[in-house]
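[1] sequence unavailable; structure follows:
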């Protein structure tokens, strides 16, 4: 879908059927896709968070049972998309 449609931001879980989100991120960046990328996961793993940060993943948000995490997700999407749009002019 990423090749056939425009997306302002990608939000991905860590665990997926064929690859994890860091593998997806790496493939997308290698293909020139520079859409802001948010890792939204219940995986509370400092190693994954550090790898995501080093790779350049724009945001790592840990899921919780609190509804506030969704406000944080929305704020992150809005912030990343706004920043990207201001760079493009």
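    Structure's in. What do you need? Note that the structure is a prediction, hence the values are computed from the model and not measured.
[2] okay, CA-based contacts and neighbour counts for the rest of this
    Will do.
[3] just say helix, strand or coil for the residue nearest in space to the middle of the chain.
    For the chain, the residue nearest the mean C-alpha position is residue 38 (1.7 Å; C-alpha atoms, centre = their mean). Following DSSP: H, G, I helix; E, B strand; the rest coil, residue 38 is assigned to strand.
[4] do the same with residue 61
    strand.
[5] quick check, it in contact with residue 41.
    Yes. At 6.5 Å, residue 61 counts as touching residue 41 under the criterion of C-alpha atoms under 8 Å.
[6] which ones are touching the residue nearest to the centre of the chain?
    9-12, 57-61, 77 (C-alpha atoms under 8 Å, 6 or more residues apart in numbering).
[7] tell me which residues are up against the longest helix along the chain.
    Counting residues, the longest helix in the chain under DSSP state H turns out to be helix 68-88. By C-alpha under 8 Å, 6+ apart, the surrounding residues in contact with helix 68-88 are 8-9, 36, 38, 40, 58-59, 61-63.
[8] which of those lies closest to residue 46?
    residue 62 (10.9 Å; C-alpha to C-alpha).
[9] mind listing what's buried in stretch 28-46?
    Across stretch 28-46, burial judged by 16 or more other C-alpha atoms under 10 Å covers 28, 35-41.
[10] just put those in JSON lines and tack on distance to residue 48.
    Below are those laid out as JSON lines (distance: C-alpha to C-alpha, whole Å):
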{"residue": "28", "distance to residue 48": "18"}
{"residue": "35", "distance to residue 48": "20"}
{"residue": "36", "distance to residue 48": "18"}
{"residue": "37", "distance to residue 48": "15"}
{"residue": "38", "distance to residue 48": "13"}
{"residue": "39", "distance to residue 48": "10"}
{"residue": "40", "distance to residue 48": "12"}
{"residue": "41", "distance to residue 48": "10"}
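[11] all good on my end, thank you.
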